[in-house]
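**Student:** My questions concern the predicted model and sequence given below.
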Amino acid sequence: MTLAAGPVRQEGLTIARVAIIGAGQAGRRFALRCAVAGFQVVLEDVMPANLRRAQAEFTDLTIAPGGAMEFALTVEDAVRAADLAIDFVPDELESKLEIFSMMDRMAPPKTILLTPSEALSITDLASCTYRGEKCFAVRGELMEDAVRVLRPRGADAAAVSSVEEFFRGLGVGVSGEVDSDMPMLVKNL
């Protein structure tokens, strides 16, 4: 598979620096894919053993020009300068809300928030942030050839384009769609 070199520039938003929260197997594999494609990657995990394992695995890493791999001990350090932040925490509402809240508070306003989730509504997760228009969910295996990207209604057009270009830069086909869920607060009225 041929990977296009990052960074991705689209309609005023640039994705060059990617924060990956969670250095378990899936997070490490995705971090490697991003670095090899030419993105600057910062990998963070609450478990020091996961970060040590990642550092050991990536010592002889051949990275594309412009790409880099760094390791952070805190979410704040990881997202501080991120253009895109993606979590690899369990696909449970409480875990996702906690990490989305942390990333939202600690990342600069330009940062796009992305989460792999097969079950949770991005509309609900986005409604709990100050940047709901820059929140996206990915459905499908991130290491495969195609994914679905869900966005809440009112998503920022430049952010939508940047996320789609980001995945294309990784050699992943993208189909995008608006999340059909209404926010939980509206549903329960």
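**Tutor:** Sure, I can see it. Since the structure is predicted, the reported quantities are computational estimates derived from the model, not experimental observations.
**Student:** Can you spell out which residues form a bridge with the closest residue to A85 other than its chain neighbours?
**Tutor:** Computed as Cβ to Cβ, 6 or more residues apart in numbering, the closest residue to A85 that is not its neighbour in sequence is A19, at 4.2 Å. For glycine as for every other residue, the C-beta is placed from the backbone atoms N, C-alpha and C. Beta-bridge pairing for A19 (DSSP bridges): V42, A85.
**Student:** who touches the residue nearest to the spatial centre of the chain in this structure?
**Tutor:** Residue closest to the average C-alpha location in the chain (Cα atoms, centre = their mean): I86, at 2.3 Å. Applying Cβ atoms under 8 Å, 6 or more residues apart in numbering to I86 gives the contacts V18, A19, I20, I21, F30, L113, L114, T115, P116.
**Student:** now do I99
**Tutor:** By Cβ under 8 Å, 6+ apart, the contact list for I99 reads I21, V75, D87, V89, T115.
**Student:** Over to it: give its phi and psi.
**Tutor:** phi -70, psi -40 (degrees, to the nearest 10).
**Student:** Per-residue pLDDT of it, please?
**Tutor:** Predicted confidence (pLDDT) for I99: 95.
**Student:** Ok, L114 next?
**Tutor:** The per-residue pLDDT reported for L114 equals 97.
**Student:** Which residue comes closest to it once chain neighbours are left out?
**Tutor:** Nearest non-adjacent residue to L114, counting by Cβ to Cβ, 6+ apart: I86, 4.3 Å away.
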